[in-house]
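Asker: below are the sequence and a predicted model for it; my questions follow.
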Amino acid sequence: MKIKKYLCALLAISTIFSLSACSGNSSGSSSSGTSSADVSSEDPFLTGEKPELNVLTYYTTFDMSSQPSVAVSEELTGYKVNWFNLPQEQATEKLLLEVAGGTSYDLLVRLGLDQITQLESKGGLLELSSYLDKYGDNIMKAVPDINWTATTGTDGKVFGIPIGTYDTPNSKDNLYGIIKYGLAYRSDVLADLGIDVPETLDDFYNALVAYKNKTGKAGFTTSSGAFYSQILSAFGMGDSGWYDIDGVYTPRIKVPAMVDYLAFMQKLYKEGLYDEDMPVNTGSTFKEKFSNATAFCAPLAFFDIPSMIEAVKTSNPDCEMAFGTPLAPDDSTNGVLYVSQGCGAIAAIPKTAKNPEHAIIWFNKLSETDTFKAIYIGEENVTYEIKDNKYYPIFPAFNDFQNSDKFPGVACDGVVDMWQARARKTDEMAIAYDDMNSRIDNYDVEFFYTSFASSLEANMEYSAALATMMNDALITAIVDGSDAQAAINNIIAKWDAEGGKEMEAEMQTWYDANKSMFVQ
Amino acid sequence: MNHKEPFKKYFQKNYDLYLLLLPGLAFVFIFNILPMYGILLAFKDYDMFAGSSPLSAIGASDWVGFKYFIRVMAREEFRAAFGNTMIISLYKIVFLFPLPILFAILLNEVKSTRFQKSLQLVVYMPHFLSWAVVAGIFVSLLSTTGVVNSALAAMGLDKVKFLMDSNVFRKVIIFSDGWKEIGWSSIIYFAAIAGLDQECYEAALVDGASRFQKIWYITIPGLMPTIVLMLILRVGGIMDAGFSQIFAMYNPTVYDVADIIGTYIYRTSLGKLDFSTGTAVGLFNSVIALMLVLGSNAFAKKATGKSIW
Amino acid sequence: MKKKKISVFMIINFTILITLGLVTLLPVLHVFSKALSGEGPVIAGKVIFWPVQFQLGTVLYVLSQPEFKNSFGVSVFVTIVGTLIAMLLTVTTAYPLSKPTLRGRKPILYIFVFVMLFSAGMVPNYILYRSLNLTNTIWALVFSGAFSVYNMFLVKNFFEALPETIEEAARIDGASNMTILFRIVLPMSMPVLATVCLFYGVSYWNNYFSGVLYITKASLKPLQQYLYDLIKNALSTVDAEGVVDIDTAMNLTGEAVRSATILVSTVPILILYPFLQRYFVKGITVGSVKG
């Protein structure tokens, strides 16, 4: 009797096991997919039935399938898409496992260059040239020549489509909008000290000293990090990790001015002008200190304003936020802005794809300017409007477009202006953004293309670990205040020993081969 | 053990015991033992695409012996990390292991069951917050402008850089781990106390035993099997000195005392696709853990007569 | 006289326990208060143990997110079904192993200890699930974690400590092993069963990694992964090269929203314990053995 009861349980368990083993859906099994064997002169891929596409993209906190852009995209392209996401952690491992394991995705979209290159080096991707020739006219039109270098192998095989970045201009003709990050100041403190927003390194230093003398507190606070482009600009550097010094492509740790930068940061720290807790500060703690008037200067972006202004007002309802742009070395010299040029995200087709032709046709349609616009920002005067050549969003209609940036194709002409509709989400953001960018002429602007090199061998092997090492070592040096030159020498020694030398050789070769294509 | 019966007869009498074992063994065989083949990864240059599937690729990849083991362990930072791992784990065991037991015993002495239940509810809550969240709380509390330091300053004492001072950081780690887990870890001891035979207590009461005598002669011996088991299992986890915790709370200024094997490997394999090193280090950790478990089990048997098997 | 003694001890005991209670409660209160406060005060660090600018809006917003509801549902299903399967497997394995006379006991125990300490890692597990066609199914989330050797040892240990006399009496009456297990041993083991049930439940609820490894469909994302993406996303917007993905950076979740999500994800599992508390009742074994 009891045995029966027990056997029932055993039966139940084994049924569950077998049911799941047999009926479990392996992801990526696409359904219909038919290109009929009809021998008409029309291309069956273009005219025939459109299968459901399985597309894998990087992680999102929201569900791709439930975004409003899906409906728009489906209507305009005629394809239904099943979306899949990689996780946030260990994404590359997961990507390789999925493709090696035979899971069938028709398109991989918006993945990193290093991820795609890893896959390519293992032979996991299809050659795209033939598909692009047939079905990719919009894509070919939209991708700048230099971008193709990132996704073309030494044998000429095109293994990926560089989608480009939507928010960065790639020519110096129209630089409006490149300044997004600056130094935020509390207006009440500035008024109290009787100074204007600092523009040079000395102004900055003096402001902090004045604050310290008056209140005894450290005026400058940041989260845990060593490299701040807002201050590096005063030393001739910026976000770029590599600099051309007399033709030698040099990593930033070996740039002579880096010693001066470190010395300056150490000075700030030692004199109590820089938040003592910097190494332990998280993204929230430094904002706390800024908002509750412990500190009065912090590196922030224009889009931090809506949330920060509320916080700041809890300590002083009359306080506003003033934005300074990156610092200049002195009154007579311009500061430098380094703008990252990238091929942005990549689209590629794995060998296990069932519908490569359809994938390209679909993506091609998404790269067509009108379709792109409709998906990305909608319709003029309905979801957005143009005032003084600037794009502004119209609410509430524009709410549907919050995540629309994950859906269009290759960056088309004028996308940077379109992006600004998204940047001008609120009045304060728009004002701060336009205010910061009104000062563009005070800067020398340099483009850097190092993200194209991220798929090179030594880069993939060492760059992440080296970046962490340098960041950690600099933080320690700032805190312990030891001789700046000695500290930098130590870091350089580590750099050389842990793969830096290989990276330098590789980057030099890459630079020499490609610099003619860079915008100077 | 001398078996008086032949196995066949034993089996006929007790086949239902083996039947009961079947689902568990089958499950463990499929989900735990089959994948063990993958431990080979530690000894190979794994190329996932070398075969027609990731599985056959394991066999197809090149054999490299102990290359990855040596590569990782030759580094001085690894040895330092290993040292930190052992030290922090040991501190945690010595200082934190007894606390939940004490807590369970103390709480058991309170007569009001309502108080007991409410306090239990409260004390196990921090366990559910992730370390990312808890770290943020401790950073706020312990920063130089935070509550604790302000209190110290008010009392005329020097401020302490809790999270940046190598002499203090480990203590912070241990304290915060204790705080987070004491309630949760005590649950099993409550369960054990609840399972104790009440007759002993009644008899002791009749004999006029004091509170402390009851605890010493009844409760603690009653808890011994559980304590021994928990200690052995805890020792088995010695190679993970608290990765999630340390990862969330450490920073470069305290790497020398807080960098453990887990965090060191994490930092150095960032951006690299290296399954072999990860598997090798995992294997290394497991072997040490196994030795410690077997050792402590044997020791426990000798010392208290109780062991896992 | 005796009363005085008890009082002093009780006072000290009480104080210690209350302090412990406060020390553990307050930080949790802190997180929950942030969930019920306005974004401004939260960023400014003005929220300590009580909401400032109290609002339910944030929590309601979180509850209304379809992705949240979906992940919540996934985790509830996985936790309930998983715990049931796990309890069954654990109990049926622990009982035979608690019998010292079981033949083959030692080797079997060694196997389990080995399994507990050795894990083959990401790749082999993925390969296994892929071969069984379990990837991107909810069963992948259910089976990974459906048996914990650690928990099995806890149960076995408890079974071993039970007085043998009851079982012997039952055996004399002719009961089989199965009957003894289900009718006698289990009812006497409520405390440990409740404990292990809690352990499994919490382990399933908190599981983040299975989603990472086996799932790419957003509809199957477990709650902890959803939460992790939300929080981590906000904590680091900069990748190794120092360059930001600007649209992600612009759409970061606010602190209050993060806290609200934590609150809403934690409360359900917190509620589980009170339900199980009644099983931590002393004296189940009283009166069952007389003579």
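Answerer: Alright, I've got the coordinates. Since we're looking at a predicted model, the values are computed, not measured.

Asker: next one: stretch B:220-238 to chain centre, how far?
Answerer: 12 Å (C-alpha atoms, centre = their mean, to the nearest Å).

Asker: tell me the average confidence for that stretch?
Answerer: Stretch B:220-238 shows a mean pLDDT of 91.

Asker: do it and chain C meet?
Answerer: Yes - against chain C, stretch B:220-238 shows contacts by C-beta under 8 Å from any C-beta of the partner chain at B:225-226, B:229, B:233, B:236. C-beta coordinates here come from the backbone N, C-alpha and C atoms, glycine included.

Asker: among those residues, which ones are buried?
Answerer: Among the residues of stretch B:220-238 next to chain C, those classed as buried by 16 or more other C-beta atoms under 10 Å in any protein chain shown are B:225-226, B:229, B:233, B:236.

Asker: which of those residues fall in helices?
Answerer: Counting by DSSP state H, these place B:225-226, B:229, B:233, B:236 in helices.

Asker: just to revisit the earlier point, and which of the residues of stretch B:220-238 next to chain C is nearest residue A:228?
Answerer: Using C-beta to C-beta, residue B:236 comes nearest to residue A:228 of the residues of stretch B:220-238 next to chain C, at 45.0 Å.

Asker: what about the closest one, distance to residue B:293?
Answerer: 4 Å (C-beta to C-beta, to the nearest Å).

Asker: now the common contact residues for these two.
Answerer: Residues within reach of residue B:236 and of residue B:293 at once, by C-beta atoms under 8 Å, 6 or more residues apart in numbering or on different chains, are residue C:117.

Asker: follow-up on the earlier one: which among the buried ones among the residues of stretch B:220-238 next to chain C gets closest to chain A?
Answerer: Distance to chain A, by C-beta to the nearest C-beta, is smallest for residue B:236 among these, at 25.4 Å.

Asker: what sits against that closest one?
Answerer: Contacts of residue B:236 (C-beta under 8 Å, 6+ apart): B:289-290, B:292-293, C:116-117.

Asker: mind putting these in CSV, secondary structure and pLDDT included?
Answerer: Supplementary listing: the contacts of residue B:236 in CSV, determined by DSSP: H, G, I helix; E, B strand; the rest coil; pLDDT from 0 to 100:
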residue, secondary structure, pLDDT
B:289, helix, 94
B:290, helix, 93
B:292, helix, 93
B:293, helix, 92
C:116, helix, 92
C:117, helix, 92
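
Asker: determine which two of these are furthest apart.
Answerer: The distance between the two most remote of these (C-beta to C-beta) is 12.7 Å, for B:292 and C:116.

Asker: so which of the two has more stuff around it?
Answerer: residue C:116 (22 against 17; other C-beta atoms under 10 Å in any protein chain shown).

Asker: for the more buried one, give its distance to residue B:28.
Answerer: Using C-beta to C-beta, residue C:116 is found at 10 Å from residue B:28.

Asker: next one: residue B:74
Answerer: Applying C-beta to C-beta to residue B:74 and residue B:28 gives a distance of 36 Å.

Asker: pull the residues that contact stretch A:510-520.
Answerer: So stretch A:510-520 is contacted by A:145-146, A:149, A:170-172, A:242, A:244, A:249, A:341, A:447, A:449, A:452-453, A:456 (C-beta under 8 Å, 6+ apart).

Asker: now do 7 Å
Answerer: Identification of contacts with stretch A:510-520 by C-beta atoms under 7 Å, 6 or more residues apart in numbering or on different chains yields A:145-146, A:149, A:171-172, A:249, A:447, A:449, A:453, A:456.

Asker: turn these into CSV, including pLDDT, distance to residue A:72 and neighbour count.
Answerer: Converted to CSV, the contacts of stretch A:510-520 look like this (pLDDT from 0 to 100; distance: C-beta to C-beta, whole Å; neighbours: other C-beta atoms under 10 Å in any protein chain shown):
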residue, pLDDT, distance to residue A:72, neighbour count
A:145, 85, 30, 7
A:146, 85, 31, 18
A:149, 86, 33, 17
A:171, 84, 29, 9
A:172, 86, 33, 13
A:249, 95, 44, 20
A:447, 92, 33, 20
A:449, 90, 33, 24
A:453, 88, 36, 24
A:456, 87, 38, 19
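
Asker: so which of the residues you listed belong to helices?
Answerer: Counting by DSSP H, the contacts of stretch A:510-520 place A:145-146, A:149 in helices.

Asker: need the residues you listed in a markdown table with distance to chain B, can you?
Answerer: Formatted as a markdown table, those follow (distance: C-beta to the nearest C-beta, whole Å):
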| residue | distance to chain B |
| --- | --- |
| A:145 | 28 |
| A:146 | 24 |
| A:149 | 22 |
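
Asker: within range of chain A, give me the residues from chain B.
Answerer: For chain B, the contact set with chain A under C-beta under 7 Å from any C-beta of the partner chain comprises B:16, B:23, B:48-49, B:53-54, B:57, B:136, B:139-140, B:143-145, B:163-164, B:251-253, B:267-268, B:270-273.

Asker: just the buried residues out of these, in ChimeraX syntax.
Answerer: Restricted to buried positions by 16+ other C-beta under 10 Å, the ChimeraX selection for these reads:
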select /B:16,23,48,49,53,54,57,136,139,140,143,144,145,163,164,251,252,253,267,268,271,272,273
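
Asker: so how far does stretch C:158-174 reach from one end to the other?
Answerer: From its first residue to its last, stretch C:158-174 covers 24 Å (C-alpha to C-alpha, to the nearest Å).

Asker: meant to ask about stretch B:186-204
Answerer: Per C-alpha to C-alpha, the first residue of stretch B:186-204 is 25 Å away from its last.

Asker: now it: average pLDDT?
Answerer: Stretch B:186-204 shows a mean pLDDT of 85.

Asker: let me see the domain layout of the chain.
Answerer: By default, I'm working from chain A. Domain assignment of chain A by automatic domain parsing yields the ranges A:46-165+A:343-413, A:181-340+A:425-517.

Asker: please refer instead to chain C.
Answerer: Domain assignment for chain C by automatic domain parsing gives C:2-55, C:62-277.

Asker: is chain A within reach of the shortest one?
Answerer: Right, domain C:2-55. Yes - Domain C:2-55 lies within reach of chain A by C-beta under 7 Å from any C-beta, at C:39-41, C:43-46.

Asker: circling back: closest to residue C:145 out of the buried ones among the residues of stretch B:220-238 next to chain C?
Answerer: Among those, and counting by C-beta to C-beta, the member closest to residue C:145 is residue B:233, at 17.3 Å.

Asker: got a list of what the closest residue to residue B:285 other than its chain neighbours touches?
Answerer: Leaving aside its sequence neighbours, residue B:285 sits nearest to residue B:239 (C-beta to C-beta, 6 or more residues apart in numbering or on different chains; 3.8 Å). For residue B:239, the contact set (C-beta under 7 Å, 6+ apart) comprises B:85, B:261, B:285, B:288-289.

Asker: what do you get for residue A:101?
Answerer: Per C-beta under 7 Å, 6+ apart, neighbours of residue A:101: B:53-54, C:130.

Asker: now do 8 Å
Answerer: If you count contacts by C-beta under 8 Å, 6+ apart, residue A:101 has them with B:53-54, C:126-127, C:130, C:135.

Asker: mind putting these in TSV, secondary structure included?
Answerer: Converted to TSV, the contacts of residue A:101 look like this (DSSP: H, G, I helix; E, B strand; the rest coil):
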residue	secondary structure
B:53	coil
B:54	helix
C:126	helix
C:127	helix
C:130	helix
C:135	coil
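
Asker: nearest to residue C:11 among the residues you listed?
Answerer: residue C:126 (56.9 Å).

Asker: near the residue nearest to residue A:52 when sequence neighbours are not counted, how many other residues are there?
Answerer: Closest residue in space to residue A:52, ignoring its immediate chain neighbours: residue A:80 at 4.9 Å, by C-beta to C-beta, 6+ apart. Neighbour count for residue A:80, taken as other C-beta under 10 Å: 14.

Asker: how much space between residue A:80 and chain C?
Answerer: 15 Å (C-beta to the nearest C-beta, to the nearest Å).

Asker: deepest in the core, which of the domains of chain C is it.
Answerer: Across the domains of chain C, averaging neighbours per residue (mean count of other C-beta atoms under 10 Å in any protein chain shown) puts domain C:62-277 on top, at a mean of 20.
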